[in-house]
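> output the structure for:
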Amino acid sequence: MNKTALSIVLLMAAMCVPPASAQPAAGEQPEMQQMRAKMNEMQALMDRVHSARNARERSRLMDEHMQVMTEAMAMMEEMTRNMEERAEAAQPPCPAGDAACRMDRMQARQGMMDQRLGAMQTMMRQMMGRMGQQGQHGQHGQQGPQGPQGQQGQQEQQEQQERRPVPRPDAESSAESHTGHH
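Numbering: from 1, shown residues only. Model (predicted):
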């Protein structure tokens, strides 16, 4: 994996952003709306990259996409810092024995993690598309061996994989994997 892609994975792991496809929530904070707009802008640029007819236009669009992605990552980093500071200041610790309080906080953290993972998937998909475009078109802007039909097939495969449920280990299999007993 190249340095840029690895940097994005690590940075996105620390971020908290809703996926671009999510609808704005009622009362959503302005930072989240701005982030959603950046994610949508990145997706629109990738769509334009895929439909570009010549190498020069593709290269220009990919450079523009990288700039928007860099801005989005900086915005997410700032948002994460602000959100963590606000959360710590606003929430006193749960009282001892208050299971409902702990459950609410755990569910809120899970929701934020789900949003973060959605954003990571979107950005990684776009980065992989960018890397694929560079590999297919090279410096001369020629179609790779797959051609347009191969690209469509890859896209369909990717969409099918995204629709598959992610297996979640149950407590028993998780315990087995940690202890080494089966």
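> mind giving me the packing neighbours of the helix or strand hosting residue 83?
Using DSSP states H and E, residue 83 sits within helix 55-90. When contacts are defined as 3 or more CB pairs under 8 Å, 6 or more residues apart in numbering; DSSP states H and E, helix 55-90 sits against helix 3-13, helix 30-51, helix 99-137. Every C-beta, even on glycine, is put in place using the N, C-alpha and C of the backbone.
> turn these into CSV, including mean neighbour count.
Converted to CSV, the helices and strands packed on helix 55-90 look like this (neighbours: other CB atoms under 10 Å):
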stretch, mean neighbour count
helix 3-13, 14
helix 30-51, 16
helix 99-137, 15
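> Serialize those helices to a markdown table and add fields for mean pLDDT and distance to residue 63.
Below are these laid out as a markdown table (pLDDT from 0 to 100; distance: least, CB to CB, whole Å):
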| stretch | mean pLDDT | distance to residue 63 |
| --- | --- | --- |
| helix 3-13 | 47 | 13 |
| helix 30-51 | 86 | 10 |
| helix 99-137 | 79 | 10 |
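> give me the buried positions along the helix holding residue 83.
Residues of helix 55-90 classed as buried: 58-59, 61-62, 65-66, 68-69, 72-73, 75-76, 79-80, 83 (neighbour count, 16 or more other CB atoms under 10 Å).
> of these, closest to residue 123?
residue 69 (6.7 Å; CB to CB).
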